[in-house]
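Student: what's the 3D shape of this:
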Amino acid sequence: MVLRSKKKSKKYLGSRRWGRGNIKNGRGAGDRGGVGNGGKKHKFTWYTAKAPELIGRPKGFVNPKSNKLKTLTLEQINKIVINAKQESNELEFKDYKILSNGNINKSLIIKAAKFSKQAVEKIKSKGGQAIIIPK
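Tutor: Predicted coordinates:
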């Protein structure tokens, strides 16, 4: 049988390039050509069709300037009162919502942005007041 044409790869045997263009392209992680995440150009349709969550901002981002209120429980307020050893019965918590977990030992006047219903009941049962501070 007569060989009519040589294999293309024979042409590159012994050369430094082997189809990589400039010699610098083949060093290290360069010249990916669509292998791995280095060559996303050829895989863009895969990203859009199969993995759109990889494009753009990560999900679950929380805005630090959000208007969510911090929470405090009645148990935490009770500890604050015990540790503070103050004479006044008036406490003020801006940007806090008071939750009903725990109990209060003495009557207090508590000022906060919001209260849960049960927290208001517990505060009033001890003879205190729950005052809402407008923003």
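Student: show me where the chain has helices.
Tutor: Under the criterion DSSP state H, the chain carries helices at the ranges 44-50, 74-84, 117-125.
Student: Turn those into TSV, columns for mean pLDDT and mean neighbour count.
Tutor: (C-beta placed from N, C-alpha, C; glycine too.) Written out in TSV, the entries for these read as follows (pLDDT from 0 to 100; neighbours: other Cβ atoms under 10 Å):
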stretch	mean pLDDT	mean neighbour count
helix 44-50	76	10
helix 74-84	90	14
helix 117-125	94	15
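Student: Just send these back as JSON lines, with distance to residue 15 too.
Tutor: As requested, those are exported to JSON lines (distance: least, Cβ to Cβ, whole Å):
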{"stretch": "helix 44-50", "distance to residue 15": "32"}
{"stretch": "helix 74-84", "distance to residue 15": "74"}
{"stretch": "helix 117-125", "distance to residue 15": "80"}
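Student: Give me the domain ranges for the protein.
Tutor: In the assignment given by automatic domain parsing, the structural domains of the chain cover 29-56, 70-132.
Student: Point to the helix or strand of the chain where mean pLDDT is at its lowest.
Tutor: Comparing every helix and strand of the chain by mean pLDDT, DSSP states H and E singles out helix 44-50 as the least confident one, with a mean of 76.
Student: In this structure, where is pLDDT below threshold?
Tutor: Under the criterion pLDDT under 70, the flagged ranges of the chain are 1, 5-14, 16-20, 25-44, 58-59.
Student: Out of the helices of the chain, which gets nearest to residue 101?
Tutor: Counting by Cβ to Cβ, residue 101 lies closest to helix 74-84 out of those; the figure is 5.7 Å.
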